[in-house]
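Novice: Need coordinates for the below:
(one chain, ligands or ions: 3)
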Amino acid sequence: MVAGSTLDKTFKPNMAVNPMQFNVSTRLPTSLDNACQVLFLFSDGKLKGSARKIDSASDGAIKKLFVSKDFSAKAGQTVVLHALKGITAERVLLVGLGERQTADAQRWREATQAAAKSLIATPASTAISDCLNAVTIENLDSSTMAEQLARDLVNATYVFSLHQRMSPTPNASLTAVFLSAEKKSVEAVTEYVHRGSATARGMSRAKDLGNLAPNVCTPTYLADVAHILHEEHDKLSTTVLDEAQMESMGMGAFLAISQGSHQPGKMIVMNYQGRKRAGSPIVLVGKGVTFDTGGISIKSSDGMDEMKYDMCGAASVFGVMQAVAELNLPLNVVGIVAAVENMPDGQAARPGDVVTSLSGQTIEILNTDAEGRMVLCDALTYAERFKPATVIDMATLTGACIVALGNVASAVMGNDPTTVDELLQASEQSGDRCWSLPLWDDYQKQLDSNFADIANIGGRPAGAITAACFLSRFAKNYHWAHLDIAGVAWTSGKQKGATGRPVPLLMQYLFNRLSH
Ligand code: BES
Ligand code: MN
Ligand code: ZN
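Specialist: Numbers count the residues shown, from 1 in each chain. Ligands and ions are numbered 1, 2, ... in the order given. All right, here's what the predicted structure looks like:
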């Protein structure tokens, strides 16, 4: 802990409230206390492995359910059976996989999410499954299946309780999961289970930071979190630029936003060196607007509380850095977080102000609510010093992105088709969807300014694209892609909360880079 840290007191981000142990071996244990057997079944009702054994030991308990239509194994359907005759496990969870012929990775995801949800709602402390042996899905290997299952199980136990007086209690009693695998795949499955659970813990980190109240999760708080990651992981080091340092460097775009807040802005840099030889790193840049009032171009008050989530790009950078360090990945990754609060006050920037960015380009601020691009552009210029292999920024950048893609997919745009393609592929593999929008030069002229090199808004048409166009002016010297995560980083309504996206997308992208 950093002396005098904002984390000294109460709001230490939740680490592994529910530590879950995964065990992978060729045989499943036969007698365990307080266990749940988990069976994934197709709708044709053909039973294999444990399902077959359990069915015959229990006088056809599973088959009967198919006959009575109480369970037809529709995708994501679940049923819990208790105290079956001849079975040692206290309960058996049936999970539907739908039609065998059409099953794919997406279907498996649907099933693992449903399984995780039902499983943690039971009082079981141990889960046992032979699904990696008994379930075959085309184009899906057992390691990837296990990775998804582990990720969803850890994810399902997430609770946010940092602001509630009761000490955090796990919302599940599940602490151990036993999976069987073929001898030749035990090692790979074990590794992928680690990937899945580390990804989920990275998501928890991102969710915690997103969900924290904006009077707690300030730029200074985020800097403290970076210092904690530094202390916890040998290969990760942190440096934080304060406003005076940014001033002397010439980060006029960032400072134009932070000057309106009493909270000092921070440029947080985390450097993970997982490769001995100092090779070009992958640089991740996150928008860390800890609260976005809009500034002088103030937002309407409806739902403004949700602008505490305007730092979810940053939160994902923290989540990814943590997971990468935990997995000890042999990659070099730099995380840069532009942390700032966007407030209206006597010092705040006005519409019409012209400022000079770190790149030297002047910017006319026509709308102070387009603050994300202002803080990101200086971070993107700063990223040049790392001689990056590629730069990926993540930002809750535009409402227009939500209009375009809803709450399903992030938008991806960039100057390097390879990076964009690799992100699209990782999206397909991880289920953390993104979709590309065009970044044609035709859109650039919407940013013309009469008074500066560039304006900070491009009008209503194609708002997500013109925001990316703005960033592209600062990303000319390296391969770059931008993710607009405005629609996916949190959910509104009764279930309001951060989602931890796009941590899974980025982790998959990095896993794919391991074989480069
Ligand atoms: N953080 C917002 C974007 C946002 C709004 C994300 C709502 C998720 C939900 C961003 O800073 C912003 O205010 N963007 C403006 C840009 C406009 C002024 C060009 C927007 O989208 O309206
Ligand atoms: Mn804004
Ligand atoms: Zn914003």
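
Novice: At which residues are the helices of the stretch 201-350 of the chain located?
Specialist: Secondary structure of the stretch 201-350 of the chain (DSSP state H, counting those that start in this stretch): helices at 219-232, 243-249, 252-258, 312-327.

Novice: which of the ones you listed sits most buried?
Specialist: Sort those by mean neighbour count, taking mean count of other CB atoms under 10 Å, and helix 312-327 sits at the top with a mean of 29. C-betas here are computed from N, CA, C, even on glycine.

Novice: CA atoms only: put that one into PDB for me.
Specialist: Once side chains and other backbone atoms are set aside, the C-alpha atoms of helix 312-327 remain, and they are given as PDB (Å, rounded to 0.1, in the frame of the first residue of the first chain):
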ATOM      1  CA  CYS A 312     -14.500   2.000 -17.900                       C
ATOM      2  CA  GLY A 313     -11.900   2.100 -20.700                       C
ATOM      3  CA  ALA A 314      -9.300   2.800 -18.000                       C
ATOM      4  CA  ALA A 315     -10.900   0.100 -15.700                       C
ATOM      5  CA  SER A 316     -10.400  -2.400 -18.500                       C
ATOM      6  CA  VAL A 317      -6.800  -1.400 -18.900                       C
ATOM      7  CA  PHE A 318      -6.300  -2.100 -15.200                       C
ATOM      8  CA  GLY A 319      -8.200  -5.400 -15.500                       C
ATOM      9  CA  VAL A 320      -6.000  -6.500 -18.400                       C
ATOM     10  CA  MET A 321      -2.700  -5.400 -16.800                       C
ATOM     11  CA  GLN A 322      -3.600  -7.400 -13.700                       C
ATOM     12  CA  ALA A 323      -4.600 -10.500 -15.600                       C
ATOM     13  CA  VAL A 324      -1.500 -10.400 -17.800                       C
ATOM     14  CA  ALA A 325       0.700 -10.000 -14.700                       C
ATOM     15  CA  GLU A 326      -1.100 -12.800 -12.900                       C
ATOM     16  CA  LEU A 327      -0.700 -15.100 -15.900                       C
END
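
Novice: is it up against ligand 3 anywhere?
Specialist: No - residues of helix 312-327 are not located near ligand 3 by CB under 5 Å from the ion, the shortest gap being 9.7 Å.

Novice: ok now that helix, how far from the chain's centre?
Specialist: For helix 312-327, the distance between its averaged C-alpha position and the chain's averaged C-alpha position is 8 Å (CA atoms, centre = their mean, to the nearest Å).

Novice: what about it, near ligand 1?
Specialist: No - judged by CB under 6 Å from any ligand atom, helix 312-327 and ligand 1 are separated, with a smallest distance of 9.0 Å.

Novice: Just say helix, strand or coil for Q101.
Specialist: Here Q101 takes the coil state, with states given by DSSP: H, G, I helix; E, B strand; the rest coil.

Novice: Also the one 5 residues further on?
Specialist: Three-state call for Q106 (three-state DSSP): helix.

Novice: and what of G352?
Specialist: Secondary structure assignment for G352 (three-state DSSP): coil.

Novice: and it, how many neighbours does it have?
Specialist: Counted with other CB atoms under 10 Å, the neighbours of G352 add up to 10.

Novice: and if you look at the one 4 residues further on?
Specialist: Residues lying near T356 (other CB under 10 Å) number 16.

Novice: isn't it right up against M374?
Specialist: No - because the distance of 11.9 Å does not satisfy CB atoms under 8 Å, T356 is recorded as not touching M374.

Novice: shared neighbours, those two?
Specialist: Here T356 and M374 have A253, I363 as joint contacts, going by CB atoms under 8 Å, 6 or more residues apart in numbering.

Novice: Quick check: the gap between the closest residue to S410 other than its chain neighbours and ligand 2.
Specialist: For S410, the nearest residue in space outside its immediate sequence neighbours is C434; the separation is 4.2 Å by CB to CB, 6 or more residues apart in numbering. Distance from C434 to ligand 2, counting by CB to the ion, to the nearest Å: 21 Å.

Novice: Same check on V225?
Specialist: Noted for V225: a distance of 23 Å to ligand 2, by CB to the ion.

Novice: do K74 as well
Specialist: K74 is 43 Å from ligand 2, where distance means CB to the ion.

Novice: That residue belongs to a helix?
Specialist: No - K74 is assigned coil when assessed by three-state DSSP, not a helix.

Novice: That one: neighbouring residues, count only.
Specialist: Residues lying near K74 (other CB under 10 Å) number 12.

Novice: so it makes contact with V95?
Specialist: No - with contact defined as CB under 8 Å, K74 does not count as touching V95 (10.3 Å).

Novice: returning to what we had before: could you dump the helices of the stretch 201-350 of the chain into a markdown table and include mean pLDDT?
Specialist: Compiled in a markdown table, the helices of the stretch 201-350 of the chain are given as follows (pLDDT from 0 to 100):
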| stretch | mean pLDDT |
| --- | --- |
| helix 219-232 | 96 |
| helix 243-249 | 98 |
| helix 252-258 | 99 |
| helix 312-327 | 98 |
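
Novice: can you redo the ones you listed as JSON lines with distance to V488?
Specialist: JSON lines is the format used below for the helices of the stretch 201-350 of the chain (distance: least, CB to CB, whole Å):
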{"stretch": "helix 219-232", "distance to V488": "20"}
{"stretch": "helix 243-249", "distance to V488": "30"}
{"stretch": "helix 252-258", "distance to V488": "24"}
{"stretch": "helix 312-327", "distance to V488": "9"}
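
Novice: List the residues that contact whatever residue of the stretch 401-516 of the chain ends up closest to ligand 3.
Specialist: Among residues of the stretch 401-516 of the chain, the one nearest ligand 3 by CB to the ion turns out to be A486. It sits 8.5 Å away. Applying CB under 8 Å, 6+ apart to A486 gives the contacts A395, T396, L397, T398, G399, C401, I402, A464.

Novice: What's the separation between the closest residue to D44 other than its chain neighbours and S118?
Specialist: In this structure, D44 finds its nearest non-sequential neighbour in R100, 5.5 Å apart by CB to CB, 6+ apart. Distance from R100 to S118, counting by CB to CB, to the nearest Å: 21 Å.

Novice: burial of the nearest residue to P388 once chain neighbours are set aside, as a residue count?
Specialist: Beyond its immediate neighbours in the sequence, the residue positioned closest to P388 (CB to CB, 6+ apart) is V283, lying 4.2 Å away. Taking other CB under 10 Å as the criterion, the count of residues near V283 is 29.

Novice: Give me the nearest residue to the residue in the chain positioned nearest to ligand 2, chain neighbours excluded.
Specialist: Proximity to ligand 2, evaluated over the chain using CB to the ion, is greatest for D369 at 3.8 Å. Of all residues not flanking D369 in the chain, G294 sits nearest, at 3.8 Å (CB to CB, 6+ apart).

Novice: Identify the residues contacting that neighbour.
Specialist: Remark: with contacts taken as CB under 8 Å, 6+ apart, G294 is in contact with N342, P344, T368, D369, E371.

Novice: Kindly report which residue of the chain is located farthest from the centre.
Specialist: Counting by CA atoms, centre = their mean, the extreme residue of the chain relative to its mean C-alpha position is D59, 44.8 Å from that point.

Novice: and the gap between that one and L84?
Specialist: With distances defined as CB to CB, the gap from D59 to L84 amounts to 9 Å.

Novice: Next, count neighbours for N415.
Specialist: Summarising burial for N415: neighbours were counted as other CB under 10 Å, giving 18.

Novice: next one: E99
Specialist: Close neighbours of E99, defined as other CB under 10 Å, add up to 13.

Novice: S31 too?
Specialist: S31: 7 surrounding residues under other CB under 10 Å.

Novice: ditto for R460
Specialist: Taking other CB under 10 Å as the criterion, the count of residues near R460 is 9.

Novice: which residues does the closest residue to P461 other than its chain neighbours contact?
Specialist: In this structure, P461 finds its nearest non-sequential neighbour in Q446, 7.3 Å apart by CB to CB, 6+ apart. Q446 sits next to G458, G459, P461, A462, T466, C469 when contact means CB under 8 Å, 6+ apart.

Novice: Lovely, talk soon.
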